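Peer 1: coordinates only, sequence not included:
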């Protein structure tokens, strides 16, 4: 987890230092890197990161009362 957190901080710093960098690619490339970091093969990480996000409205939240 520390390595993943460090990678996120590094990505933030990279985007701050290089404002002309394609920041639209970061939401796809960074998760692929994290998946690879945790042992997924490159092709599987690529496929997983290309999946659509679930509808957050369909997620049932526990009753907080």
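Peer 2: Here it is on my side, so go on. Quantities reported herein were computed from a predicted structural model and do not represent experimental measurements.
Peer 1: need the longest helix for the chain.
Peer 2: helix 2-17 (DSSP state H).
Peer 1: Can you mark which positions in whichever helix or strand comes after it are buried?
Peer 2: Later in the chain than helix 2-17, the nearest helix or strand by DSSP states H and E is helix 26-37. Using 16 or more other CB atoms under 10 Å as the test for burial, helix 26-37 gives 30, 32, 34-35. Where C-beta positions appear, they are placed from N, C-alpha and C, glycine not excepted.
Peer 1: and which of those is nearest residue 5?
Peer 2: residue 34 (10.4 Å; CB to CB).
Peer 1: Would you confirm that the closest one contacts residue 6?
Peer 2: No. Using CB atoms under 8 Å, residue 34 is not in contact with residue 6, being 11.1 Å away.
Peer 1: Could you give the backbone dihedrals for residue 51?
Peer 2: phi -70, psi 150 (degrees, to the nearest 10).
Peer 1: who touches the most centrally placed residue in the chain in this structure?
Peer 2: Geometric centre of the chain, nearest residue: residue 31, 3.1 Å, by CA atoms, centre = their mean. Counting by CB atoms under 8 Å, 6 or more residues apart in numbering, residue 31 touches 45, 48-49.
Peer 1: Save those residues as CSV, and put in secondary structure and distance to residue 12 too.
Peer 2: Formatted as CSV, the contacts of residue 31 follow (DSSP: H, G, I helix; E, B strand; the rest coil; distance: CB to CB, whole Å):
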residue, secondary structure, distance to residue 12
45, helix, 21
48, helix, 23
49, helix, 19
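Peer 1: Could you tell me what pLDDT the model assigned to residue 28?
Peer 2: With respect to pLDDT, residue 28 has a value of 60.
Peer 1: likewise the one 3 residues further on?
Peer 2: pLDDT for residue 31: 80.
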